[in-house]
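Novice: Curious how this folds, go ahead:
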Amino acid sequence: MTLMTTLHTLATDPGLHVLADGDPIVPKYSPALPDAVNTQVKTILSWTAGLGLAAAVGGGLLGWLLVAVGHNSERAQLAARGKQSVLWSLFGAGGIGVTSSLVLAFYNMAK
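Specialist: Residues are numbered from 1 along each chain as shown. Below is the predicted model:
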């Protein structure tokens, strides 16, 4: 008896509809954030990605400065640290770019 009641509820529910070609019941639902929240979240995501990339560029520039000072003053350790910081800045910028792109792509899929 409960199976028949469940089927009757599914068939008469106004929130559900049956497609014309006989596909199963599909709920009418479109996930979306309110516009007031949507613009604020996009702003926060954009600023976070922009500031992260700016910090990575700044770290890369400081790394090149360490390389220049280390080579000109014959301090091999300082130049080696500068080269490492340039590489880590590149990895950081790549990670920030990929992560922010993925977050924004998945965030925009909900629209």
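Novice: which residues in this structure form helices?
Specialist: Listed in chain order, the helices of the chain (DSSP state H) span 2-12, 35-72, 76-109.
Novice: CSV for those, including mean neighbour count and mean pLDDT?
Specialist: No exception for glycine: its C-beta is placed from N, CA and C like everyone else's. Below are the helices of the chain laid out as CSV (neighbours: other CB atoms under 10 Å; pLDDT from 0 to 100):
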stretch, mean neighbour count, mean pLDDT
helix 2-12, 9, 76
helix 35-72, 14, 87
helix 76-109, 14, 89
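Novice: For Gly70, see how far away Ala79 is.
Specialist: The gap separating Ala79 from Gly70 is 3 Å, by CB to CB, to the nearest Å.
Novice: oh, I was asking about Phe106
Specialist: Using CB to CB, we find Phe106 at a distance of 42 Å from Gly70.
Novice: residues touching the closest residue to Ala55 other than its chain neighbours, list them.
Specialist: The shortest distance from Ala55 to any residue other than its chain neighbours is 7.9 Å, reached at Gly92 (CB to CB, 6 or more residues apart in numbering). The contact partners of Gly92, by CB atoms under 8 Å, 6 or more residues apart in numbering, come to Gly52, Ala55, Ala56, Gly59.
Novice: Look up how far Trp88 lies from the last one.
Specialist: From Gly59 over to Trp88 the distance is 7 Å, taken as CB to CB.
Novice: next one: the first one
Specialist: Summarising the geometry, the distance separating Gly52 from Trp88, computed by CB to CB, is 13 Å.
Novice: cool, Ala11 as well?
Specialist: 60 Å.
Novice: One more: Thr6?
Specialist: 58 Å.
Novice: One more: Thr2?
Specialist: 61 Å.
Novice: Repeat that for Gly60.
Specialist: Separation of Gly60 from Trp88 (CB to CB): 9 Å.
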